[in-house]
Structures are given as structure tokens and as C-alpha cells.
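Okay, sequence plus prediction incoming.
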Amino acid sequence: MKNNDLNEKTKRGKKKSSICKKMLVKSINNNLNLKENCLFGNIQNNIFISVFDNIDHTNLLSFDKLNYNNNNNTPNNNIFINKNNDKCDMLYNLYKPNFFDELIIDETLKFKLNIFINKSSLQNIIFYGNSGVGKTLIMTLFINKFIQINNYDLLSINCSDNRGLDIIREKITKFCINGGNKKIIFFDDIDNLTAKAQNLLSITMEDHKDNIIFCLIATNINNIIDTIKNKCLMTHIKPTLNTSILENICTKLNINFNISSLSLLLNLMNGDIRQSINNIEIMYHSNLDINDDNIYSICYQPNPIKIINIIKFCLSKNIINAIKEYDEIILQSYCNIDIIQSMIHILKSVKIDEEIRINYVKLLSDLYMNIMDNIDSNLQMYGCLCKMCKIV
């Protein structure tokens, strides 16, 4: 069993390595004067190559996180270096909006936040949602506009770096007891705080509720204790399927694309706009057009047509063809986890009987848990497909 699992992981690693090598070779072949055009930068122990000669940097938006103390002396690992030794942020940072009014978000959410700004009144608030949907960006630009109109002091804390009691005792308490203007404390990744630190924070919120506003960001809302959630306005930041942001980036970079492929990319990334832009950046530096085939290769996702065929064959009780489709995907070096995740994702939108959909998802979820317990083999998947055929 373990050997099979190891073989699947080895195949998957080779597949990803092969894709990266092909993209790197293609990038080098298309830039014969590479050494003259760019320098090599070692970023987070990985070698990245970029050519920025064709980019008009005057049109690129720059953005710094509000009050995060990014000094010039602090090295920035997320940079590229061109031949003029100019430092350039990753595309996700370059194309972030600078102002709240530039945000492309849900109109209802934007309307509510504008009410807070216009009435100069704000209460404790929590933004929560999946990674990459723009929680921190929306909150940062919102607070920035709010304190420009209103006279508030600001303290920003990233709980990914400081997650214990010390951050509450040393920074938060001192900031709260100092006199002066009303204050806003911005916690990013509040769900990373330990339980003891959250309990102490809850007490602090209660003690300073008259002059301190707490703005919190969380990915997993279930990791936040109830006493904090009860003191805040809960706001869910939902994933977006609006491709206008990606279209704007592709147009500025002069990348060949079509809207359906961008929609596919966002769909595969479950609305994660940050990861979608990162994938566009990979294709840009590899001189690849944005089309369905390249997106499947970059995102390492099985072709959904084959996944849909498997579901259709199971619905028609055609187990032989369902297994054939499954075997063809396996031969493309995808593992069972990739296939199961794709099947569950597609089952959310495919038009079938609701009871059958629920049973299919339950079967696939149980198989997923078995595989995570190191019980992984093609025979397990064959058995799952047989059960799916019997449900109909």
C-alpha cells in the first residue's frame, strides 16, 4: 500500500518537474539575449528568471501594506531584478489597487463599507473567507480611507508572525492605554492566535470598547473563540468569478487570452484571485498563451471533460467505460487525490438528482479520508466507482 502511494507521489513530482523544465527552456529559447536583459535572483531558495524590458513600469500600480513598517533596510523576497537593477514586485502586488474606490468587489459589501466611512462610525468587524479572495486588501484600503477622513491612530499586527500572549501584553495593551485620539487595531490572520491569547484579547476588547475599534481578518472562522465573534460584525468575503481583474492584467501585459479560459482559471482556483494572477505570471514569463490546455498544465488539474464522462458513465451504470476513463487519467500521472478533488468540485455544478449528488460526494469524501490514512490504490477507486454505479 505504502509503495503504491510513494509511486503515485513520485509520478506526480516528475510531472510537475517536467512542466517547469519545459517552461524554463521555452523562456530561455525565446530570450536569446537573456544575460543582457536580466539578472538572476535567488528568491526563497528558488531561481526565478524574468524579463521586464517589454513592460512599461510607469503604468504599473505599486502598493505597500498599510503601516506594516516596510523599511528600505528590510529585504523583500518577492522581487524581480531587471538589467537596470530596478526592483519589481510580483504581478499580484504590482496590480493591486491603491485606493478603496478602485476595488472590484461585491456591490453590497462596498455599499455597507461606504456607509461606515460617510457616517464616520465604525464598530468591531471581522472579515473571513478563503485564502486569496482579497480580505486583507479590502480591509487595508477600507481602513486607509476611513482614517484619512477621521482622526484615528492605527496599529497593525500580523498574527502569522506573532501568535502568543506576548503580542497582547507588549503591543496591544500599551497601545490601548496611551492617551490621544481614538484608535484602530488591525489584526491580520487573527485565527492564528493561540486560545490563551484570544481570551486575553477578548478581555482587552471589553475593557477598551469605548475608544478602540478592532478590525480582524480570519481564514478559518471556526478557530476564533465565541467571545471575540460576539463582539464583532461578521462579514464573509466570498470568492469572485469576475474576470475583469485578470482581463486588465493580461491586456496590460499584452498576453493572448480569451475570457472563457480566464473563467476556467478562476473556477479551477475556486475564486482565489491571488493564485490565479500567480498562474498568469507563470504563463507570461514562459511565453505561453492563456488557453485551456496551458491552464490545465499549470494548475495541474485533470481535464474536466474526462471527469464528467466518468460521472456520466456511473449514472448510466457503465462501469467498464467509467474505469477506462479513470485509467486514462491515471496514465497522465494524476493521483487519486487529484481525481477525487476534481470530481467533488464538478459534482457541485453538474445537473443531476440532488440525492444522487449527495451520495456521490459522500462516497468520494470517504475514499479521500481512506487515502489520507495511507490506504491508496487503484483498487480503492475501482470500488468507489462500482458503488457510484449501484446508487443510481
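Perfect, thanks for sending it. Numbering: from 1, shown residues only.

C-alpha from now on. contacts and neighbour counts both.
Fine.

I'd like the distance between residue 291 and residue 256.
8 Å (Cα to Cα, to the nearest Å).

and if you look at residue 173?
For residue 173, the distance to residue 256 - Cα to Cα - is 53 Å.

what does residue 114 give?
36 Å.

Tell me how many other residues surround residue 271.
22 (other Cα atoms under 10 Å).

Would you confirm that it belongs to a strand?
No. Assigned with DSSP: H, G, I helix; E, B strand; the rest coil, residue 271 falls outside any strand and is coil.

For it, give me phi and psi.
phi 80, psi 10 (degrees, to the nearest 10).

how many other residues sit next to residue 146?
Neighbour tally, residue 146, other Cα under 10 Å: 21.

list the contacts for it?
Shown in contact with residue 146 (Cα atoms under 8 Å, 6 or more residues apart in numbering): 117, 120.

what's the helix or strand for it?
helix 135-149 (DSSP states H and E).

Name the next helix or strand following that helix along the chain.
Immediately after helix 135-149, counting by DSSP H and E, sits strand 152-158.

Counting neighbours, go ahead and name the busier of residue 291 and residue 256.
Neighbours were tallied for residue 291 and for residue 256 using other Cα under 10 Å; the higher tally belongs to residue 291 (17 against 13).

wouldn't that one be in contact with residue 261 here?
Yes. The criterion here is Cα atoms under 8 Å, and residue 291 meets it with residue 261 at 5.4 Å.

Output the helix holding residue 146 as CSV, nothing but the C-alphas.
Taking C-alpha atoms only, helix 135-149 is exported to CSV below (Å, rounded to 0.1, in the frame of the first residue of the first chain):
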residue,chain,number,x,y,z
LYS,A,135,-9.7,40.0,2.7
THR,A,136,-6.6,41.8,3.7
LEU,A,137,-6.5,44.1,0.7
ILE,A,138,-10.2,45.2,1.2
MET,A,139,-9.7,45.8,4.9
THR,A,140,-6.4,47.7,4.4
LEU,A,141,-7.8,50.1,1.8
PHE,A,142,-11.0,50.5,3.8
ILE,A,143,-9.1,51.4,6.9
ASN,A,144,-6.9,53.7,4.9
LYS,A,145,-9.8,55.7,3.6
PHE,A,146,-11.5,55.7,7.0
ILE,A,147,-8.6,57.2,8.9
GLN,A,148,-8.0,59.8,6.1
ILE,A,149,-11.4,61.2,6.9
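
pLDDT of that helix, averaged?
Mean pLDDT, computed over helix 135-149, is 92.

So which bits of it are buried?
By neighbour count on 16 or more other Cα atoms under 10 Å, the buried set for helix 135-149 is 135-147.

and it, how far out from the chain's middle?
20 Å (Cα atoms, centre = their mean, to the nearest Å).

Start at 52, not 1
Noted, 52 is the first residue going forward, which turns the last one into helix 186-200.

now that helix against strand 203-209, angle please.
160 degrees (axes from the mean of the first three to the mean of the last three Cα atoms, to 10 degrees).

For the stretch 102-251 of the chain, which segments count as strands?
For the stretch 102-251 of the chain, the strands defined by DSSP state E, counting those that start in this stretch cover 130-132, 138-140, 176-179, 203-209, 233-239.

Just list whatever residues bridge to residue 287.
residue 179 (DSSP bridges).

pretty sure it is in contact with residue 180, am I right?
Yes. Under the criterion of Cα under 8 Å, residue 287 makes contact with residue 180 at 5.8 Å.

which of these two has more neighbours?
residue 180 (18 against 15).

What's the separation between the more buried one and residue 165?
20 Å.

How about residue 436?
51 Å.

Output the below-cut-off pLDDT ranges for the protein.
52-140 (pLDDT under 70).

got the domain boundaries for it?
Domains of the chain are assigned by automatic domain parsing as 62-147+292-350, 156-287, 355-442.

now the strands for the stretch 252-401 of the chain?
Under DSSP E, counting those that start in this stretch, the stretch 252-401 of the chain gives strands at 263-269, 284-287.

Looking at these, which one is packed in the most?
strand 263-269 (a mean of 23; mean count of other Cα atoms under 10 Å).

what's that one packed up against?
strand 176-179, helix 186-200, strand 233-239 (3 or more Cα pairs under 8 Å, 6 or more residues apart in numbering; DSSP states H and E).
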